[in-house]
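Engineer: Sharing a model that was predicted from the sequence below.
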Amino acid sequence: MTKLLTLEEVAEMLRRTPAQVRYMRSVNTGPRSAKMGGRIMFREQDVIDYINAAFEGQ
């Protein structure tokens, strides 16, 4: 089963503020997300992949 994360949980994982994560989402530089029931949600695996990709690019 896919675990879904809120914007606040993702911000904590990335050590960013929720506002920074919203901005990253608006300019398509953050992890994949979707609006579900009026809330922005992220799949945990997409966030992990985003973090791993940041380390692979070094």
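Structural biologist: Nice, I can see it.
Engineer: biggest helix in the chain by residues?
Structural biologist: helix 44-56 (DSSP state H).
Engineer: For that helix, which helices and strands make contact with it?
Structural biologist: Packing contacts for helix 44-56, counted by 3 or more CB pairs under 8 Å, 6 or more residues apart in numbering; DSSP states H and E, involve strand 4-6, helix 7-14. Glycine gets a C-beta too; all of them are placed from N, C-alpha and C.
Engineer: buried ones in that helix?
Structural biologist: 46-47, 50 (16 or more other CB atoms under 10 Å).
Engineer: Touching that helix from outside, list them.
Structural biologist: Under the contact criterion CB atoms under 8 Å, 6 or more residues apart in numbering, helix 44-56 has outside partners 2-5, 10, 13-14, 30-33.
Engineer: who touches the residue nearest in space to the middle of the chain in this structure?
Structural biologist: By CA atoms, centre = their mean, the chain has its centre lying nearest to Pro31, at 4.2 Å. Pro31 is in contact with 10, 42, 46-47, 49-50, counting by CB under 8 Å, 6+ apart.
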